[in-house]
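Asks: Everything below, folded, please.
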Amino acid sequence: DAQKDGDLWIHVGHLTKGKLSVGQTLSATVDESRRSGIRRAHSATHILHHALHCTVGKDATQRGSRVQQDELRFDFAHNQALTAEEVRQVEDIINECIAQGATVTTELLPIEAARKKGAMALFGEKYPDEVRVVSMGDFSVELCGGTHLSNTGQVGLCRITSEEPIAKGVRRITAITGPKAVEKGRETDELIAQLQRMLKAPQAAELVAKVESLQNEVKTLSKQLSELNSASVADAIDALAAQAETISGVKVIAKKLEGVSRETLRDFADQLRDKHSPIALILGAEIEGKVSLIVAVSKPLVKEKNLHAGNVVKAAATVAGGAGGGRPDMAEAGAKLVEKLDEAIAAGAAELKKQLGV
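Replies: The predicted structure is shown next:
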């Protein structure tokens, strides 16, 4: 890192081996590869600023930036996200300016002369009487003290990788240049080629149709599976109802189910409530490594017995390190402690019995 303190240039570094002593003479060597990458990214940042003005207007002023080897980020004033078309337009303008091979020049000018030349300055920054002006072709003039290329064509290529908000009224664009931009393109090409092989699509243009076909197939199979699950549930609910404990005329079921999905868990609750009322139940299962709980009571019992499914599922979920809630007649919850699933179901059953006056 190089910094200026008055007329003194200070180089900041970290000693990795050996030792230093006062008065020792040192030599500094620039890492040319790294410096070239920084130049590409920095010059591309100026071109990006110009491209934003062309696309969204002069109010897209700089609010911050950072450049490193073939990577840049640029913060600018703007009140809404750029559309996909605007991002493409910005990237196109940048690469058009690169392709022009425009000359990059630097000169020291009095601050007023620089302003008359149209040099853009950062809002709120204080500048000395003499400033360094960096010009690129006829499209960019900025006050800047950083390292730059001598020709925009030396950037090679610039690709925008993201556009996002960072504060109210401030957006951030990140981009890559030179070899990193080329490598990004190669990675994308390889990904597309891999998808073509997996989906047996001779042409990349066929990928969308292939994916749509798979999505439709998954939708059809999911519907068929759901119908099979419903039929399987119908076969199982009579056995569950036969095991129910009857309290104050209400069937009470507390059961852990194996190998079910959340949809199947809800299907069990719905069918038991529809076919075996009056009923109050709590069902639990391990799904995707987590606890899933559902509590359902026949709707008339909410008024007749003052039952509340939300309070029951909350009592159960708390035991397993979770939370949940819902309507008085139906409530669901999730929890993390799978090893506490049996205890959670027992706690829910106890709360149901308590509400039934046991």
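
Asks: For this structure, name the helix or strand with the lowest mean pLDDT.
Replies: Of all helical and strand segments in the chain, the minimum by mean pLDDT, DSSP states H and E falls on strand 2-5, at a mean of 79.

Asks: And that one, what's buried?
Replies: When burial is assessed from 16 or more other C-beta atoms under 10 Å, strand 2-5 yields no buried residues. To be clear about C-beta, it is placed using only N, CA and C from the backbone, and glycine gets the same treatment.

Asks: ok, that strand: who's next to it in the sheet?
Replies: Using DSSP bridges, the strands paired with strand 2-5 in its sheet are strand 8-11 (antiparallel).

Asks: which outside residues touch the partner strand?
Replies: 1, 2, 3, 4, 28 (C-beta atoms under 8 Å, 6 or more residues apart in numbering).

Asks: rerun that using 7 Å as the cut-off
Replies: With contact meaning C-beta atoms under 7 Å, 6 or more residues apart in numbering, strand 8-11 is reached by 2, 3, 28.

Asks: same thing with stretch 303-323?
Replies: For stretch 303-323, contacts defined as C-beta under 7 Å, 6+ apart pick out 250, 280, 282, 291, 293, 295-297, 301, 324-337, 340-341, 343-345, 347-348, 351-352, 355-356.

Asks: got any ranges where the chain has weak pLDDT?
Replies: 122-124, 225-232 (pLDDT under 70).

Asks: can you map out the helices along the stretch 201-350 of the chain?
Replies: For the stretch 201-350 of the chain, applying DSSP state H, counting those that start in this stretch gives helices covering 207-242, 262-275, 299-304, 309-319, 341-355.

Asks: Mind putting those helices into CSV with mean neighbour count and distance to residue 126?
Replies: Listed next are those as CSV, based on neighbours: other C-beta atoms under 10 Å; distance: least, C-beta to C-beta, whole Å:
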stretch, mean neighbour count, distance to residue 126
helix 207-242, 12, 53
helix 262-275, 18, 60
helix 299-304, 15, 70
helix 309-319, 24, 58
helix 341-355, 20, 63
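
Asks: Please name whichever of these is nearest to residue 39.
Replies: Closest to residue 39 of the helices of the stretch 201-350 of the chain is helix 207-242 (C-beta to C-beta; 37.5 Å).

Asks: My guess is residue 78 contacts residue 56. True?
Replies: Yes. Between residue 78 and residue 56 there is a contact under C-beta atoms under 7 Å: 6.1 Å.
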